[in-house]
Each structure stands twice: as C-alpha cells, then as structure tokens.
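In: Have a look; sequence and predicted model below, questions after that.
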Amino acid sequence: MNDDIERYTPSERSNHWAVAVLFILAGLSGLALFHPALFGLSALFGGGTWTRILHPFLGLAMFLLFLWLAIRFAGHNRMNDRDARWLRQWRDVVGNREDRLPEVERYNAGQKLLFWVLVLSMLVLVVSGVIIWRQYFSAMFGIETLRWASLLHAAAAFVLILSIIVHIYAAIWVKGSVGAMLYGRVSRAWARKHHLGWYKAVVRERK
Amino acid sequence: MTNHWADIQNADLVLIMGGNAAEAHPCGFKWVTEAKAHNKARLIVVDPRFNRSASVADLYAPIRTGTDIAFLGGLIYHLISNDKIQHEYVRNYTDASFIVREGFTFENGLFSGYDASQRRYGDKSAWGYEIGEDGFAVVDPTLSHPRCVFNLLKQHYSRYTPEVVSSICGTPKELMLKVWDTIAEASAPDKVMTIMYALGWTQHSTGSQMIRTGAMLQLLLGNIGMPGGGMNALRGHSNIQGLTDLGLLSNLLPGYLTLPGDAEQDYAAYIAKRTQKPLRPGQLSYWQNYEKFHVSLMKAWYGKNATAENNWGYDWLPKLDTPGYDVLKVFDLMYQGKINGYFCQGFNPIASFPNKAKVGAALAKLKYLVVMDPLATETSEFWRNAGDYNDVDTAAIQTTVIRLPTTCFAEEDGSLVNSGRWLQWHWKGAEPPGQARTDIAIMGGLFHRLRELYRKEGGAFPDPILNIDWSYLRPDEPGPDEIAREFNGKALADVTDPATGAVLAKAGEQLAGFAQLRADGSTASGCWIFCGSWTQLGNQMARRDNADPYGMGQTLGWAWAWPANRRILYNRASADPSGKPWDPRKKRLVWWNGTAWGGTDVPDFKPDSPPDAGMNPFIMNPEGVARLFAVDKMAEGPFPEHYEPFETPIGRNPLHPDKPGVTSNPAARVFQNDLELFGKADEFPYAATTYRLTEHFHFWTKHSRLNAITQPEQFVEIGEALAKELGIQAGQRVKVSSNRGFIKAVAVVTKRLKPLTVDGKTVHQVGIPLHWGFTGVARNGYLTNTLTPFVGDANTQTPEFKSFLVNVEKV
Amino acid sequence: MATQDIIARSATTTPMPSVRQVGEVAKLIDTSKCIGCKACQVACSEWNDLRDDVGSNLGVYDNPIDLTADSWTVMRFAEYENPAGNLEWLIRKDGCMHCEDPGCLKACPSPGAIVKYANGIVDFNQDKCIGCGYCITGCPFNIPRISQKDHKAYKCTLCSDRVAVGLEPACVKTCPTGAIVFGSKEDMIEHADGRIADLKERGFEHAGLYDPAGVGGTHVMYVLHHADQPSLYSSLPDEPAVSPLVSLWKGVTKPLALFAMGAAVLAGFFHYVRVGPNRVEEDPEPGEPIVHEVDPSVHVVDPKGRE
C-alpha cells in the first residue's frame, strides 16, 4: 500500500467531487430549461420556478469551485509538442494501443484539451449566465446582448456537457481512474502505463 | 355652445383656437375625428403650443399668447377685402346694414366716451344705432352708408394687414395666409366651419372680446345657426354650464336673469329696462317676456309670500352696489381685511385663483373659513407649512378652518349640464364615504339654523330669509328630484291659452315649457330656461333614446337640452330668408314646410311665422339679427381691438405704439396692489401661459393614483431654442419666476414651442401646466398660480391665466 | 377562452387542438386619430387592477416612461420634423402586438406558460411562468416585463378575458377618439384601408398598415402616416422578425444538441463494448508489492479472481 502513489490530495478530491455534484445539479436544472423534452427534470428541483431560481446559484457555485480546481491544475495542463503528437495519434488512443503513444506527464493531451475546453465553457457560461440572470442582472443589458448571451450559454452548456460525457467515459474506460479520484492513490503500474513521465518524476522525487 | 358636441361631426372645417380640445376635452374631441373621418373635414389649430389637438390637425399655426383678436381681426379684413363672406346671410341676418349713431368714434385705440381717470367708458351713449322717427333702427340694405356697421367694421379692421398681424402674433405670414384662405372657403353657403374654444380665449384681460371676434367671424361666414357651425365654448367642468345657467355668478339670477343694481329700486323700471321693444319691424325680441320668467322665479323662491302687492318680493332681492362681486373682487376685499368669513363650496381658491401669495394672505385674514369639498384641498390647508410649496408661518394664522366633507357627483342623484346645454340626469353610483354629506344637506341645515336665528333675534333685514318657501318633503335635505321639478316649474293656478282659453296646465301640474310661464303669479319656475326638463310626462333629462332619424347627430330623445330641447341655437339661420336650408343636401336643420317651421331640431323661432313675414332668426335680440356691432354690451367697445396682455413681452401695443394708455385693455379693472406686481419684459422676458393636461383634471386628480401615474411630476415646457440659450437639458430642474413668486419644475424641452418674431423681437413662450400642489397622493409640487397675475377680463373678470411674463433659470 | 382554443403552447412539441373554427381578431390602432390622452393606459390599469409606481418626469410626456409589469401599455411621443419642415407629433400606443409567430412563445421553456389562442391572442399564463425572462429575449418588439414583486412575466393580454365573452379590450372601449378599434382581422384591414385612403388624400402619400410579415402578421396593427418609416414612431421596428439568434437558440439546434449528447453516450458505450476497458495488465515490477486494489472498478474485474 505504501507503494501506491498519491495522485490527488483529499482537498483536490473534495474539490473535484463538489464540482461534479454541482455539475450534475446545474446540468439537470439547465437541461430542464434547455428543451421541452427535458422540462420534466424540473420536478427534481421542486418545479419550474424553483429550477429557474436554483440553476444560476448552482451554476455560480460550480463555476467558483471549478475555478479553484482549475487554478490548482492549470500548471499540469500546459500543452507541449508531445501533446500534439499524442493528439495526432488519436486512433491509437481510442484503439487502446497506449504503448505506441508518446510518454505522458501527469495528464495526457486529451485530458489537457478537456481541461481547457472546460475552462472556456465555464467562463462563457458564467458570463452569459450572469447576463441572462433575469432577477438581478438582465435589466442592465440590451436585448441584443441578451440574445447573444442566451445563445452562447446554451452552446457553452452543450460543449460542457459533451466534454463531461467524454470525461466520465474516459474515467470508466481507463480502469483505476475513478479510484484515483475517489481514494487519491494509483498503483505504480497504473502510473507507469498511463502517465510514465509523471511516474518517473514521482519516483525521482521519492529517491 | 351654440351647437353641441355631436353636431361637430357635421362640420366641414374645424377651427380650434383658444382651446385645446384634444387635451382638455378628449371625449368631445371624438366628434372632430368623426368629422374628419366621415365628412372629410379639415382641422386647423392655432395655438401658442403645438399641442395634442395640433398633433392630429391638417394645419397648425403658432400664435403669441394673448393676440387672438389681432389674428381674427386680420382675418375679418381678409375676408371682406377678398369678398369671402356669406353675403346673403350677412345682409339679412346681421346688423351689417344698421346705421351707427353719429358721434361714435375710434381714435388712438379708444372708442368714444372713455374716462381715463376711472379706467372705464363712462359714456357709451354713442355706441348704438341711429333710431328713426318710427322708433326703429335706421338701416341701409345697400351697405353703402359710411356709418353702416359693415363699413365701420371694414374700416376698423383695415389696420389689421397681414404684415401688422404677423408682427403682433408672431405667426409667419405665409402660414397665416394659408390658414386665412382655408377658413375663407367656409364662406360658401354649403361649407360650414365650427369654432371650438375654451379658456384659452376666456382667460385673458381681453377674453370676452376674443370670443366676440370669433363670433363676428362666424357671422361673416354665415356659420351661426348652421349644423356643424357655431361658436362652441368647451366648458371646463362637467357642470360649469349648469353653474352659469343657474346664475351662480354674483350679478346673475337663474336663467340669465340679472340682479338689479343699487339704482334700480323701482320694480317697474327694473322690468322695463329688461324688456326691450323690437328695434326693427316684425321682430320678436323675446326678452319682452322677461317679467314672466322673473315672477315665476320669485314664486318658486317665495311661494305665497311673493304677491303682486309686494312686487313679487322685489325688495328682498339684493341690489348690487358694484357691477359684481366676482372672485377677484371678493379676494381683494378679503385681502384688505374687509371679509370675516368665507364659505368655500366645491372650489379650491388658493390653487385656482391667480397670485397664490395674495390669495393665501387673504385667507389668513379671515376669522373663519368653511370648506365644503369631497377632497382635502390646498385651500383647506392653506395654513399648513408645506416647505417650499406653501411656505407660511402657521402660528401667525388665526383663521378657524372648518372642513365639511361632501359627496361627489357619483354619490348622488342629479343632473349635469354639458357644454352643449344638455341636462343629463345621473343616478347615484356609490354611497358616500365616512361622514360625507350632500351639499344640499349641508346648505339645508345651515339655512334652518340661520332662519331660526333670524326668527328669534330679528336682525337687520330678516325678510329674505324668513319669507322663503321651503315646502319640501324632506326639509332637512330636499331631494334632487324635488329641486329639479322646482327648476322646471309648475302651475299654481290653471294656466290657459290666452287665444283660445284652453287649459294648458291645471293647478299643481308640472309645466311643459317656458311658453306657459305667466307674469301674474299663476306659475312658478326656478329657472325658466330649464322649463320643460321635468314635465307632467316625467323627467325628460333621464331620457336615453339615441335615435337619430336624420343621421345628423340630432338625438332629440336623448336627455333634454335648454331651451325647449333645442339642440342648435339660432337654427332658423340655417335656412335662407325664404325658409329653405342653405344646403338642402347635407345641412338640413329647420325649414318652412309651407305652414310651419320644423325639421331635425326644435326651431329657434316663432313656429308659425312664415318667411315672408320678415321675422329674423336672432329672436333674443331686439334687432332680430345678430350684432357685428356690440352696441353698449361690452366694456371696452363695440368692435374688438387688440390690446396686449397686462404683462407684455414687447412692452407696447404695435397698433398704437406711442399710446401707453392703450397698451393693455383700457377698460380692465386693476387693483392698485396688483398693478405694482405686474412684471416687465426686461426682468421677465418670456411669455408664459398655463393650462391643464389631459392626464389630469384640474387639482382634483392629485388625489387619484392612476392620474398621478400617467403624469407624475410637475414640469414646464420650453422650446429647444430657449433651452439651448439657457443651457437647459430635458429632464433638468428649472426655476420659473414671475414678479409674484416662483415654482421649480422639470424642464420638458420640445420642438413644439418655437420662438416667434414679434414687433421685431424674438419672443420665447413657456408652457406651464397646472395640477400639482401640496395635498393628495400625487407628488407634491408648486401651485402654478403662484405665478399668475391678479387681473381679469374687463367684462367677466375671468383672470388672465393665459398670458403673463416669467423668467426661467436652471436650478 | 376554452382550452380547445389554444392552438400553440410554449415548450410543447406535440400538436395542439385544431378542430374549432375560430375567426382571427385584431386591434387596430390609428396613430392619425390618436391624441395621446393615455385613457387606454388608465383603462388597462383599471380593468386589470394594476397600479404602477408614481414615477418622475424625465423631460418628456411619456409616463410611465416604459412598459413595466404593472403598465402593459404606454404612449410613446415622438417629435418629427418632416422634410417640408413641418412638425409632426407622432404618438403611438405601445404594447404587445400579438404576433402570428410569437417570439416569446418560441423562447419560453415552461410548457403552457405562453399560449396562443385560435383567434390570434397571445397570452401569458402566470401560473406556469417560471420567471426566466426568455420571453423578453424572444420578443421582437421588446414587450414582456418581469415583475420585481413576483418575478413573473406580464404583458397585454388583449383583454383575453373580455374578448372571450364578446367584449372589446378595455383600451378600445375607452378610447375617446376611436383611434383604437377592434374586430375580426379582416374587418380591421378593411377599416384601415378606408383610413389610409383618407390619409393619402390629406397628403400622407406613404400612409399604410403596419401588419409586419416578418412575424407572420400581428393581431395588433397600426395605421401609420409614414408606413415607409415605422421607426419614426418611437422606434417601432421597420421589419420586425424573431431574431435569427433566437431562432438559432430555440430552433433546430436544440434537438440536434440533445441528439449529439445522446450519441456521445452511445459512442462511449459501444467503444467500451468493442475495444474493452483500458486496464493495467502487466505484473508488478520486482520490488514492488502487489497493487493494493482500492479501486472498486479494478477490484471487480480482477482477472486473478482473488476475491
């Protein structure tokens, strides 16, 4: 057990799961307003009006916690040349031929890309969300601004949700990932296989 | 109104001048839109401001406030010199052919007989017609006599050239001529123009003469008595017409009978003076029936106590020691400390009268003030310090104020008389709130207490009070129906037809009309012109049959109009001398059918007098015709002359530039303490006018939230040019001051007020709405009449609210 | 109106009742007869029991200065100097236009909060309104307003309660000059034709009817002296249409987006089925203890079946 490697601290894990839970809540409440077919989801929040009231607060909370998370992880998510190669070899990625891929640091290029897409989506969501937050802010903006904001909010939410679907699937697919985020530790083998560069660095550090 | 609201739909041309019907009478204004939509009528608006009426007008011309006589006088000359008058009408139905007495002159802005020391015309003897040996006025049907009215009229207004008028009024000449030419078209017998005016003419020191000029114009165009024509005064309150009809002016009795003056102690002389013989052969001179109306009135008031022996109680009538106790006079007396107590019934003097400071100071000199009103008026709180809005020293005011809440019209049965003289009965819609009582109950209670005091203690002259007949079913609070029946009148003995002896009305029956009134005490009628409103057939005012058989808006079965349910006055003039309508196609009103007069209206004529008998349409006048020459009826002369407002932005009368005595109305009464308070153009350079807004009703709607919402905050209107000059932007607060005080308000900067070029100078006009005050649910504001001058029209003493000088500054 | 008369409903994708044959109504506002007296504003407030705040004067006649949740119609005053140099005071009663193709209804996310009746009236159902304000975003005329008291959207109902029982809207009943009339849309167009002919005869050569095609026509129409320049009338849109942004936001993109999300989930599922999980399979390096399986997912699929 002592040979397991700590990948996420308890604080990071808490932060992640808080964002995750808020994403589910904001996402479901948002989807309720996104399309009539999903309006039934508003029942989960006590009806349409409560959904309208809660959604922006949930979203804002999600954004703030995400911001904290993003600041913590941003350093590990800088793109480099190897990441570009990794991305070009996406067929090997989805084909589960990991051995052919360049050495991966703490995060692979897909994770990094996801990170930046999430950052961008979150920023668009929070800005557009504030603009269309009728109760407090919308009166300050013109109608064209509101229309753009509504459109961008929906578009960003779409991108975010799609990204999170990929994120969740990747976690399910790559065994050991969920455990990493739940318990914070990964096996050396896991680390070696998926994040060799990071593994080497950790080992170096231990020595 | 000579005509009535619904009749406006028959007009071919509508002139709104001296009023803003769309603003102040939006419901009546619907008939203008009807005339436009269905009669292809054109609408002309002449007003200092491009106002709400102008917004739907075909033609708008700006005019400097207070210069309407110049505008209309110029128009009169324009019509005459361009031969655009209805010749046959003018020749037959006006006094154009009458010869005026020798000695009648007009020089240097004054007519003959002026007494400068008294500021009045002491000798009006020359203001009349030449009377022939037969006792009749001398006429010249060829209109060639140099002293015939027509030629004097032409001569009088020949000075009013387009250039002069444009320079006085500030109306651009081309635009003015366009207006004049459009109006001139109404001289065709089948083209009719109506004039709609209101307080924009009345409230000037020359107001009555402005209205007269309009009437003269209508006579020259042949538009009086015509459907779609007439001189139409748009009354400002729903029952202000009823107020004048019932004689609630200090010099009047009900039905336009007049109170005697001090010199008229002799009853027979009083009657004789008012029953003028015809001035031309074959004329009716209907006022010859004056005594019938007078005696019936006295019988209604004093019952059995009024007898032939005591001249029907003539001695009990007050005799005026002055022409009248109008409101300005009363408040001036109050200001001088000569009045102890004041009953203020349905009136808000501190808001409604000019120079609020003077009115407030006057009220503070009273021992007691009783305010009867449904609302908590400013007058009832004149003693309360409301900051800038009413900055008084409450502790220094010792007046006892008693506020008696009254019902409003919707909380009682009764009738209202509209501008078109229709008496319309209304029914109580709600119970009054709290302790509110009807005015009748309050006055009834007061009467009983006073009479008891007189009975017990005697007093200087108890007879007029003790002799009153008060035999109502409920003496404490006579019913509105009882009072209405009393106004109509009843037979006290059988009334018979003098010709046939047939009984027209049995004793005790309601009378059918004023033709049944008698001077022998056998009839009683509280207001002769209302006789016919509540007959044996019941309450005619409650009728609601809107059938319009001729499709001309003549709904004779709807309510009841005085006199005699006649809807258009002088309607005999709608037919030519031979009795045929001038326009048999569209303007059929009354006509001679071979045996009698009839038609779509009740003929204003002797119904069986054939056209060839020569009786003329204006049966109330001894002349039988309408007067272009006002004889001695007006205070400042038989022909209207332009005089400047008492506060004039140009400081002189351009018609008489070197005669300071005739700058403003030489016959207007001015109190010494007010003369000192008139401002001059060097200090107060802008011509101001006041008005009310369609969103409001006078000062009442301060107490109504919905009205406050639609126009919440006090504002003044200034033109873009003036705003630029003063560096004022729309929405900023400005201080508007006159020589009597100041108000502060938001500036509405508008294109609708344009600077005018007057007498070579640029004159800016400022519009100041009234409504705001220091009581009610609306935002507090300044009483606009803080600014206005305490001077009135020379005839009516209606204050000059419409023309005065102010200065405007950015706050 | 009965539920059978609802022919369109917000956030509803299935067909609405369509068996009743109901004629379309329209309110016609004749700006050439309007004197801006605001009686319609007051009548609206009285009938609907609305009392806005007592505001301020901002240097113009307009008051309240704008539509609010408590003021469903306001008069807008514009001073226009025409090319001939003459002043015109163009006064327009503003309020819901009751579009044939209502942008508010399109934008509303709450099923049944906005309905359109067969007679053309577009009505808000505050009971179902969730207060999101999307109707404002959707409206090409900038009409709906959210109440700051209850956070629900309000606008002119065309007095649907009065019209349902055969009465005209309150503003129509009160209009003193007959500038507002009400009837079948067909009759109103015919009435407008007469008014336009009158205006043309008075020199307004561009007089015309405002019944903008961009929103499928409206059930509140204007007679304008200058139908070629509606924007003269306090920014009445020249060519109103539901904004392309709103169409994009609320149009076909949303079902496509839903489809894409579903497809992504399915793609993952089939990837898992076809490629299988990405598992750490090799033996631990010498010197390293066996990975303590803490990951439940790994735990479950442990090939050695050590449990």
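Out: Cool, the structure landed.
In: Now for B:P464: which residues touch it?
Out: B:P464 makes contact with B:G313, B:W316, B:L317, B:P318 under the criterion Cβ atoms under 8 Å, 6 or more residues apart in numbering or on different chains. Any C-beta I mention is one placed from the backbone N, CA and C, and that applies to glycine too.
In: Specify the local secondary structure of the first one.
Out: Under the three-state scheme (DSSP: H, G, I helix; E, B strand; the rest coil), B:G313 adopts helix.
In: Now B:Y454: closest residue in space that isn't a chain neighbour?
Out: Spatial nearest neighbour of B:Y454, excluding adjacent residues (Cβ to Cβ, 6 or more residues apart in numbering or on different chains): B:P462 at 3.9 Å.
In: Measure how buried that neighbour is and give me the count.
Out: 16 (other Cβ atoms under 10 Å in any protein chain shown).
In: same deal with B:P640?
Out: Counted with other Cβ under 10 Å, residues neighbouring B:P640 total 27.
In: Hmm, it is touching B:G74, no?
Out: No - between B:P640 and B:G74 there is no contact under Cβ atoms under 8 Å: 12.0 Å.
In: How many residues are close by C:R20?
Out: 12.
In: Look up how far B:E378 lies from it.
Out: Going from C:R20 to B:E378 by Cβ to Cβ, to the nearest Å gives 58 Å.
In: One more: B:G261?
Out: 35 Å.
In: Give me the more crowded residue out of the two.
Out: In this view B:G261 and B:E378 are compared by other Cβ under 10 Å, and B:E378 has more residues nearby, 26 against 16.
In: Who are the contact partners of the more buried one?
Out: Contacts of B:E378 by Cβ under 8 Å, 6+ apart are B:N348, B:I350, B:A351, B:N390, B:F699, B:G773, B:F774, B:T775, B:L783.
In: these two touch, right, the fifth one and B:P349?
Out: By that I understand B:F699. No - with contact defined as Cβ under 8 Å, B:F699 and B:P349 do not form a contacting pair (10.7 Å).
In: which bits of the stretch 101-250 of chain C sit near chain B?
Out: In this structure, the stretch 101-250 of chain C approaches chain B at residues C:P176, C:T177, C:G178, C:A179, C:R195, C:D198, C:E201, C:R202, judged by Cβ under 8 Å from any Cβ of the partner chain.
In: Need the max-distance pair from those.
Out: The largest separation in those, counting by Cβ to Cβ, is between C:P176 and C:E201 at 24.1 Å.
In: Settle it for me: which of these two has more neighbours?
Out: Taking neighbours as other Cβ under 10 Å, C:P176 and C:E201 compare with C:P176 leading, 20 against 10.
In: any idea how far the residue of chain A found nearest chain C is from A:V19?
Out: Chain A approaches chain C most closely through A:G179 (2.5 Å), counting by Cβ to the nearest Cβ. Separation of A:G179 from A:V19 (Cβ to Cβ): 18 Å.
In: Equivalent analysis for B:A667, please.
Out: Distance of B:A667 to A:V19, computed by Cβ to Cβ: 91 Å.
In: tell me the contacts of C:N119?
Out: So C:N119 contacts C:M1, C:D5, C:V22, C:G23, C:E24, C:V25, C:V163, C:H219 (Cβ under 8 Å, 6+ apart).
In: what's the burial count for the second one?
Out: Read it as C:D5. Neighbour tally, C:D5, other Cβ under 10 Å: 18.
In: Pick the one among the residues of the stretch 101-250 of chain C next to chain B closest to B:Q729.
Out: Nearest to B:Q729 among these is C:A179, at 31.6 Å by Cβ to Cβ.
In: so what's the closest one up against?
Out: So C:A179 contacts B:T33, C:I29, C:D30, C:T31, C:S32, C:K33, C:C34, C:I35, C:K93 (Cβ under 8 Å, 6+ apart).
In: Can you pick out the ones from those that are in strands?
Out: If you go by DSSP state E, those have C:I29, C:D30, C:K93 in strands.
In: The residue nearest to the second one when sequence neighbours are not counted bridge partners, please.
Out: Of all residues beyond its chain neighbours, the one nearest C:D30 is C:V223 (4.3 Å), with distances taken as Cβ to Cβ, 6+ apart. Bridge pairing for C:V223 (DSSP bridges) gives the partners C:D30, C:L209.
In: With C:G178 as the reference, measure out to C:V223.
Out: 12 Å.
In: ok, the two, which is more surrounded?
Out: Taking other Cβ under 10 Å, C:V223 and C:G178 do not tie; C:V223 has more neighbours (27 against 14).
In: tell me the pLDDT at the more buried one?
Out: As summarised for this prediction, C:V223 has a pLDDT of 98.
In: Quick check: it touching C:A197?
Out: No - taking contacts as Cβ under 8 Å, C:V223 lies outside contact range of C:A197: 10.8 Å.
In: what residues are up against residue 60?
Out: Just so you know, I chose chain A. Neighbour list for A:L60: A:V126, A:G129 [criterion: Cβ under 8 Å, 6+ apart].
In: You answered for a different chain; I wanted chain C.
Out: Counting by Cβ under 8 Å, 6+ apart, C:V60 makes contact with B:A730, B:G731, B:V748, C:F77.
In: Report the beta-bridge partners for B:I131.
Out: Applying DSSP bridges, one finds that B:I131 bridges with B:A137.
In: measure it to chain A for me?
Out: B:I131 sits 80 Å away from chain A, taking Cβ to the nearest Cβ, to the nearest Å as the criterion.
In: What residues does that residue make contact with?
Out: B:A137, B:V138, B:L279.
In: give me that answer again for 10 Å
Out: Residues in contact with B:I131 (Cβ atoms under 10 Å, 6 or more residues apart in numbering or on different chains) are B:I99, B:R101, B:A137, B:V138, B:L279.
In: Looking at these, which one is closest to chain C?
Out: For the contacts of B:I131, the nearest to chain C is B:L279 (44.1 Å; Cβ to the nearest Cβ).
In: quick one, phi psi at the residue nearest to B:Y454?
Out: The phi and psi values for B:P462, taken as degrees, to the nearest 10, are phi -70, psi -10.
In: Now do it, the pLDDT please.
Out: Reading off the model, B:P462 has pLDDT 96.
In: tell me what the worst-scoring helix or strand of chain B on mean pLDDT is packed against?
Out: Ranked by mean pLDDT, DSSP states H and E, the weakest helix or strand in chain B is helix B:672-675, scoring a mean of 90. For helix B:672-675, the elements it packs on are helix B:327-335, judged by 3 or more Cβ pairs under 10 Å, 6 or more residues apart in numbering or on different chains; DSSP states H and E.
In: any idea of the mean pLDDT in the helix it packs on?
Out: So the average pLDDT for helix B:327-335 ends up being 96.
In: Three-state assignment for B:M372, please.
Out: At B:M372, secondary structure determined by three-state DSSP is strand.
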